[in-house]
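Chemist: Got a sequence here, can you model it:
(one chain, ligands or ions: 2)
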Amino acid sequence: MEKEKLISKKEIKNRIKELSKEINDSFIKNEELVIICLLKGSFIFAADLVRLINRRCFIHFIKASSYYGNTETSGIVNFSEDIDIDINNKNILLIDDILDTGFTLKKITDFLNKRNPKILKTCVLLDKKGRRKVDFESDYIGFVIDDVFVIGYGLDFDEEYRNLPEIYYVKEL
Ligand code: 5GP
Ligand code: MG
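Modeler: Ligands and ions are numbered 1, 2, ... in the order given. This next block holds a predicted model:
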């Protein structure tokens, strides 16, 4: 595989610091936050971000998948619906790695909204704005990127490359 660096460690670190400020300032002050991270892609981003959130936090995970060893989404989103927490009247922050067609976050936010949270906001590290197939926008966005397939910093290609500390795009498979 041929890959080229897209976003450096330093850029990621700086942007996450800014994002955490936005989040700390905008959710109702001092109220506790329930953070739900989508596995697996967001695990590194979420780990870095939550350490900068300055209030009581409760952290949960949902496993979502729509990719099957390919660089194109299947459009079918599977996720574990067994979050065993009561989110009724809670402040929720849903974290994902990347917003692409929008199928994943649309489906999961619809599901969570049925359980009547007080506020539900979403945060993504990356946003491929030009690829949207359903009407969905995230409240907090790390970086807007072009239509390229990215790996590293939690993002995989066929489960590999998640450990790369920076974000690369795939030039040739
Ligand atoms: P959506 O449902 O918005 O089309 O896709 C969201 C999910 O697809 C992301 O959570 C991520 O797992 C995966 N995805 C979309 N684009 C990319 C990409 O460029 N690289 C990787 N590794 N995963 C992607
Ligand atoms: Mg994902």
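Chemist: Nearest residue to residue 30 in space, please, no chain neighbours.
Modeler: Counting by CB to CB, 6 or more residues apart in numbering, residue 55 is the residue found nearest to residue 30 once chain neighbours are left out, at 6.4 Å. C-beta here means a position set from N, CA and C on the backbone, and glycine is covered the same way.
Chemist: which residues touch the one you found?
Modeler: Residue 55 makes contact with 24, 27, 30-33, according to CB atoms under 8 Å, 6 or more residues apart in numbering.
Chemist: So which of the residues you listed wins on neighbours?
Modeler: Neighbour tally across these (other CB atoms under 10 Å): the maximum, 22 neighbours, falls on residue 33.
Chemist: Which two among the contacts of residue 55 are spaced furthest apart?
Modeler: Greatest spacing in the contacts of residue 55, by CB to CB: 24 and 32 (12.9 Å).
Chemist: which residues touch the lengthiest helix in the chain?
Modeler: Assignment by DSSP state H gives helix 9-26 as the longest helix of the chain. Taking contacts as CB under 8 Å, 6+ apart, the residues outside helix 9-26 that touch it are 45, 48-49, 52-55, 93, 123, 125, 140, 142-143, 153, 165-167.
Chemist: Repeat the analysis, applying 10 Å as the threshold.
Modeler: With contacts defined as CB atoms under 10 Å, 6 or more residues apart in numbering, helix 9-26 is touched by 7-8, 33, 35, 44-45, 48-55, 93, 95, 119, 121, 123-125, 139-143, 152-153, 165-167.
Chemist: Ok, stretch 105-116 next?
Modeler: Residues outside stretch 105-116 that contact it (CB under 10 Å, 6+ apart): 34, 36, 38, 62, 64, 66, 76-79, 81, 83, 85-90, 92, 94, 96, 98-99, 102, 117, 120-122, 124, 132-138.
Chemist: so does the least confident helix or strand in the chain by mean pLDDT get close to ligand 1?
Modeler: None of the helices or strands of the chain scores lower by mean pLDDT, DSSP states H and E than strand 78-79, at a mean of 79. No: on the criterion CB under 6 Å from any ligand atom, strand 78-79 is out of touch with ligand 1, staying 10.5 Å away.
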